[in-house]
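**Student:** Turn this into a model:
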Amino acid sequence: MRFQAQAVKRFAAIFTGVLLATQADAGLLLQDSFTQDSAESVAPAGWTGPMADDDITAGSLTAPAGLLGSVGNKFTLNNDSDDYSIGFTPQTTGGQFVYYSFLVQIDDLGSLKSTSVFSGLIMLADGTNSSDGVAAVSFKADADNPNAFNIGFGSRANIGAGEADAVGDNTEYGIGETVFIVASTQVSGGGSTPISRIWINPDASTFGGPEPVASFTSNVGHFENPIDNLIINGQSAPNVPGLWSIDEIRVGTSFAEVTPVIPEPGSFLLVAAGALLIGFRRR
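**Tutor:** Numbers count the residues shown, from 1 in each chain. This next block holds a predicted model:
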């Protein structure tokens with residue numbers, strides 16, 4: 001009887017572990033689903049930043065099919081110049097890639113400019129200063145469609161017009177559309193020119209697997225060592241949308257880590273069947 005009771009406890013522990021694994025990956029350097037209660041004018045838990053006009057708002061952004069689903073709430077930012085940062089274990093090996101992913105949705109373009117200049121809003125960094133930002137993702141209003149925006153990318157935070165590391169195109173993303181973005185960069189050093197890449201709405205077939213072909217690549221510009229923070233870079237109009245939200249932030253050392261897939265139902269069924277079998281034998 002005692003053996004059976006211990007076996008039941010072991011299966012219960014395994015089952016709990018499988019459930020938890022659907023919500024977090026131990027290999028990640030950082031994961032934030034903004035699970036704190038919704039509240040106005042707060043910095044997200046664990047982040048450094050002002051208690052200004054930005055809010056934790058109820059409900060999650062919708063993850064694309066095949067990606068591990070969203071939980072908790074989301075972080076919504078207004079048209080202001082507040083910086084937010086959150087740290088993780090410093091990555092110092094020259095040439096090593098660091099990846100991050102997030103969901104983003106713009107609900108109001110505000111006075112976001114439509115010129116060729118992109119200003120980095122989300123990035124990795126050495127420390128909490130956005131001037132040390134790398135693999136910076138940015139937005140600008142579409143030049144033709146007043147209800148759409150474009151996404152830009154560069155190896156540093158301030159991506160000026162005509163700079164060699166500024167990449168992007170005129171692909172339209174709509175107001176209220178949730179976009180899934182993955183970006184990566186290499187830690188400075190290692191004897192080669194670091195490379196930064198971005199994937200915009202990567203195909204679901206690539207989730208949890210090897211790195212696919214990137215949407216854009218930049219191999220010139222600004223690089224850092226260590227990389228130990230993720231920054232939401234405060235900008236003033238017209239460099240920032242009027243209202244936008246970010247959710248499900250992940251930082252890791254592989255594309256697979258930051259694009260976790262929904263576990264196969266069989267993993268749950270196997271554990272459940274084992275627990276039922278032990279329970280039946282106990283009778």
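**Student:** Please name the strands paired to the strand or helix carrying Ala135 in the sheet, noting orientation.
**Tutor:** Using DSSP states H and E, Ala135 maps to strand 133-141. Applying DSSP bridges, strand 133-141 is found paired with strand 118-125 (antiparallel), strand 148-154 (antiparallel).
**Student:** Run through the helices of the stretch 151-283 of the chain in chain order.
**Tutor:** In the stretch 151-283 of the chain, the helices defined using DSSP state H, counting those that start in this stretch lie at 265-282.
**Student:** Below-threshold pLDDT in the stretch 51-200 of the chain: ranges please.
**Tutor:** The stretch 51-200 of the chain contains residues with pLDDT under 70 at 51-52, 80, 116-119, 156-166, 190-192.
**Student:** can you point me to the longest strand in the chain?
**Tutor:** For the chain, the longest strand by residue count, based on DSSP state E, is strand 97-108.
**Student:** what's the spacing between Met123 and Phe97?
**Tutor:** 15 Å (CB to CB, to the nearest Å). In this view, the C-beta of every residue, glycine as well, is placed from N, C-alpha and C.
**Student:** then the strand holding Ala135 to PDB, C-alphas only?
**Tutor:** Taking C-alpha atoms only, strand 133-141 is exported to PDB below (Å, rounded to 0.1, in the frame of the first residue of the first chain):
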ATOM      1  CA  GLY A 133      20.300  48.600 -27.600                       C
ATOM      2  CA  VAL A 134      20.700  45.900 -30.200                       C
ATOM      3  CA  ALA A 135      18.300  43.900 -32.500                       C
ATOM      4  CA  ALA A 136      15.800  46.800 -32.300                       C
ATOM      5  CA  VAL A 137      12.300  46.400 -33.600                       C
ATOM      6  CA  SER A 138      10.400  49.500 -34.700                       C
ATOM      7  CA  PHE A 139       7.200  50.800 -36.400                       C
ATOM      8  CA  LYS A 140       6.200  53.500 -38.700                       C
ATOM      9  CA  ALA A 141       2.800  54.500 -40.200                       C
END
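**Student:** can you give me how far it is from the chain middle?
**Tutor:** Relative to the centre of its chain, strand 133-141 is centred 13 Å away, using CA atoms, centre = their mean, to the nearest Å.
**Student:** ditto for stretch 186-198
**Tutor:** 20 Å.
**Student:** With only the CA atoms kept, save it in CSV.
**Tutor:** Taking Å, rounded to 0.1, in the frame of the first residue of the first chain, the C-alpha atoms of stretch 186-198 are listed here in CSV:
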residue,chain,number,x,y,z
GLN,A,186,25.0,37.9,-31.7
VAL,A,187,27.0,38.8,-28.6
SER,A,188,30.0,41.0,-29.7
GLY,A,189,33.3,39.1,-30.0
GLY,A,190,34.2,35.7,-31.3
GLY,A,191,36.2,36.9,-34.3
SER,A,192,33.3,37.5,-36.8
THR,A,193,30.9,40.3,-37.7
PRO,A,194,27.8,39.9,-35.6
ILE,A,195,24.5,39.2,-37.4
SER,A,196,21.0,40.4,-36.4
ARG,A,197,17.8,38.8,-37.8
ILE,A,198,14.1,39.3,-37.5
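**Student:** Name the residues of that stretch that come out as buried.
**Tutor:** Within stretch 186-198, the residues that count as buried by 16 or more other CB atoms under 10 Å are 186-188, 194-198.
**Student:** thinking again about what came up before, present the strands paired with strand 133-141 as TSV; the columns should include distance to Val134.
**Tutor:** Formatted as TSV, the strands paired with strand 133-141 follow (distance: least, CB to CB, whole Å):
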stretch	distance to Val134
strand 118-125	5
strand 148-154	9
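**Student:** of those strands, which approaches Gly66 most closely?
**Tutor:** Proximity to Gly66 (CB to CB) singles out strand 148-154 among the strands paired with strand 133-141, at 20.9 Å.
**Student:** buried residues in the closest one?
**Tutor:** Neighbour counts over strand 148-154 (16+ other CB under 10 Å) mark 148-154 as buried.
**Student:** same thing with stretch 174-186?
**Tutor:** Neighbour-count burial for stretch 174-186 [16+ other CB under 10 Å]: 175, 178-186.
**Student:** which of those lies closest to Thr253?
**Tutor:** So of those, ranked by how close each gets to Thr253 (CB to CB), first place is Ser184, at 9.5 Å.
**Student:** residues in contact with Ile246?
**Tutor:** 61, 74-75, 77, 102-104, 122, 232 (CB atoms under 8 Å, 6 or more residues apart in numbering).
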